[in-house]
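A.B. asks: coords please:
(2 chains)
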There are 2 protein chains.
Amino acid sequence: MAVIVSLDGERAKPRASLEPLSALVADDMLRVNALIVQKMHSPVALIPQLAGHIVAAGGKRLRPMLTLAASKLCGYSGERHVALSAAVEFIHTATLLHDDVVDDSALRRGQSSANALWGNKPSVLVGDFLFSRAFELMVADGSLAVLGILSHASAVIAEGEVLQLVTSNDTTTSENAYLDVIKSKTAQLFAAAARIGAVVANRPKAEEEALEGYGLNLGIAFQLIDDVLDYSARQAELGKTIGDDFREGKITLPVILAFRRGNDEERQFWKRTVETMEQKDADLARAIELMARHGSLRDTVERARHYGAIARDALGIFPESAEKRILLDVVDFCIERAY
Amino acid sequence: MAVIVSLDGERAKPRASLEPLSALVADDMLRVNALIVQKMHSPVALIPQLAGHIVAAGGKRLRPMLTLAASKLCGYSGERHVALSAAVEFIHTATLLHDDVVDDSALRRGQSSANALWGNKPSVLVGDFLFSRAFELMVADGSLAVLGILSHASAVIAEGEVLQLVTSNDTTTSENAYLDVIKSKTAQLFAAAARIGAVVANRPKAEEEALEGYGLNLGIAFQLIDDVLDYSARQAELGKTIGDDFREGKITLPVILAFRRGNDEERQFWKRTVETMEQKDADLARAIELMARHGSLRDTVERARHYGAIARDALGIFPESAEKRILLDVVDFCIERAY
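C.D. replies: The predicted model follows:
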């Protein structure tokens, strides 16, 4: 069984990876990907072009993989998980397109973002198209339970995005307010994706709720680590850009902790850089230095571990199985990405 | 029974109005409006603020009124039409919010648009929220048939909006391509709204299709007249702004007809003004003068009459009733708005 490795201690086991999860759902994912390509088709050529760009850019497909793996954990042997995984990915893709418009992002997963290539307008509209397609897939599946879970998740995601917008550039944002944002904008879809695995398998409510709790807490941990990675030396080593959140003035937990633990002069620095957005070349390095001084990256990882532990315990009601071990390892993977 | 009045002839009857429709559904609309206010609530205060702004700006509420009236035409006496009308209006409101972002509109129904007041970002996200809420309302209603109709309509609307974007500033847009755009972006929701009236009443497929055909053709006629009004002397008399479409370079049927019927010099005018968007003060007046010369407003109204006639005939399978007469009068109203 996987164990959580301490940030600076020796590794008790090899680094966790997504490989076992990918292998578990590989056959299903081929069909999910084929369905995604089929369902993003439209006689309006710009739609498959733009949607294809963001879908091809890939990403880990973590959310649909959660649906597939959760359905296997629940012993499901039917076909519905394929279309519903595609629906989950479409909702995710639609929110990415709208996010990039809202954040004025030029890059997405290291490539030019759709809004940078085609402008904001088609990104908004193709997002709407994919969102509608997601609901068409669910309607074809025919489960009101699934429709209820994902329509509610979508509303909560939008709420979280608006809340994030309202708190942006506000250094007085509390840790709780930040947590509300990431629970809504990120963790809600992880929770829904995992829960659907139990719904298609027609498992008891307790198992639905266990998978929902797993997904929710995994999603929180995932986002916390994402927010750490944006300031992480390891991310820089891998050749990935860092500092995107900083340049956008996003108030993530690493900033919140550094601000709260800082002295007056340091708080003035944060106000100038992420509140009034007057940034100079050396500011990102200074931000990282302040985070190191106050342990705010380390402690954000600690917070992530806390939610990771809850995610792991949520699966406690399931008997041991290969699928369960893989889902537990996903928690480790999401946290170990940080270092 | 209402008759269609010729554009310049004497009136055979008093001008058609929406009053009879409003009166027919007045009680239901009170409950629809109450539900709209309730369902746009969120702990994130900006959401009800922004949504409340566009909902309060009003508009005619034509689409939910169609659902309510169609359900009455079908003899429905239950409660489901109220929530589904609210869902229809939420989908419409969500598309308006996104439209205004895509069109960079500063005004909506004579008031500042939401994007002008709060910026594009919350408009995109609150649109997503309202769209999700619409699906939550449908899920609570529990009809997969309704969910199928409105999820499909939403996908087609988004397709139409992208198509409109692709054809914008293109004077070579054909009348057919323009018709595809307005069928998708406008008429599809009219069709779905009317059809749902038969679905809740559990009426035979033929009646569902009759109402869908009524809504679709009414929606086309409605949009054609909307596009006329943007260049209309009558609109200007009423103190409403004209020329919004012209200033945005929107290629509507009045422009398409004037371009196709114009000489080389006139076509250069259209290319300069709505294609390369170099507009001078006197250009709107010149555009209206060219439309008068080639009868392009008059003939756009004629095209609208054609679709209006189809809408009227679609209701032929329903026996005479007060509700049917009112729905027929709505067709006249939508066309008579032009003069």
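A.B. asks: so what's the closest residue to A:Leu73 other than its chain neighbours up against?
C.D. replies: Of all residues not flanking A:Leu73 in the chain, A:Glu323 sits nearest, at 4.1 Å (C-beta to C-beta, 6 or more residues apart in numbering or on different chains). All C-beta spots, glycine's among them, are computed from the backbone N, C-alpha and C. By C-beta atoms under 8 Å, 6 or more residues apart in numbering or on different chains, the residues touching A:Glu323 are A:24, A:69, A:72-73.
A.B. asks: try 10 Å this time
C.D. replies: Taking C-beta atoms under 10 Å, 6 or more residues apart in numbering or on different chains, we find A:Glu323 in contact with A:20-21, A:24-25, A:69-75, A:197, A:315.
A.B. asks: report the backbone C-alpha coordinates of the helix or strand where it lies in PDB.
C.D. replies: Element membership for A:Glu323, per DSSP states H and E: helix A:322-336. C-alpha atoms of helix A:322-336 as PDB (Å, rounded to 0.1, in the frame of the first residue of the first chain):
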ATOM      1  CA  ALA A 322      -6.200  -3.400  -7.300                       C
ATOM      2  CA  GLU A 323      -8.600  -0.600  -8.300                       C
ATOM      3  CA  LYS A 324      -8.600   0.800  -4.700                       C
ATOM      4  CA  ARG A 325      -4.800   0.700  -4.500                       C
ATOM      5  CA  ILE A 326      -4.600   2.600  -7.700                       C
ATOM      6  CA  LEU A 327      -7.100   5.300  -6.500                       C
ATOM      7  CA  LEU A 328      -5.100   5.600  -3.300                       C
ATOM      8  CA  ASP A 329      -1.900   6.100  -5.300                       C
ATOM      9  CA  VAL A 330      -3.600   8.900  -7.300                       C
ATOM     10  CA  VAL A 331      -3.700  10.800  -4.000                       C
ATOM     11  CA  ASP A 332       0.000  10.300  -3.600                       C
ATOM     12  CA  PHE A 333       0.700  11.300  -7.100                       C
ATOM     13  CA  CYS A 334      -1.300  14.500  -6.800                       C
ATOM     14  CA  ILE A 335       0.700  15.500  -3.700                       C
ATOM     15  CA  GLU A 336       4.100  14.300  -4.800                       C
END
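A.B. asks: give me the buried entries from the contacts of A:Glu323.
C.D. replies: Among the contacts of A:Glu323, those classed as buried by neighbour count (16 or more other C-beta atoms under 10 Å in any protein chain shown) are A:20-21, A:24-25, A:69-74, A:197, A:315.
A.B. asks: which residues sit in contact with the residue of the stretch 201-339 of chain A found nearest chain B?
C.D. replies: Going by C-beta to the nearest C-beta, chain B is nearest to A:Glu248 of the stretch 201-339 of chain A, at 11.9 Å. Counting by C-beta under 10 Å, 6+ apart, A:Glu248 touches A:103-105, A:168-169, A:230, A:274, A:277.
A.B. asks: so, low pLDDT: which residues of chain A?
C.D. replies: Residues of chain A meeting the criterion pLDDT under 70: A:1-14, A:57-58, A:107-110.
A.B. asks: what's the nearest residue to A:Val25 if we skip its chain neighbours?
C.D. replies: In space, A:Val25 is closest to A:Leu68, 4.0 Å off (C-beta to C-beta, 6+ apart).
A.B. asks: is it true that that neighbour touches A:Ala201?
C.D. replies: No: using C-beta atoms under 10 Å, A:Leu68 is not in contact with A:Ala201, being 11.8 Å away.
A.B. asks: find residues that contact each of the two.
C.D. replies: Contacts common to A:Leu68 and A:Ala201, judged by C-beta under 10 Å, 6+ apart, are A:76, A:81.
A.B. asks: who's more crowded, these two?
C.D. replies: For A:Leu68 and A:Ala201, the more surrounded residue by other C-beta atoms under 10 Å in any protein chain shown is A:Leu68, and the numbers stand at 28 against 21.
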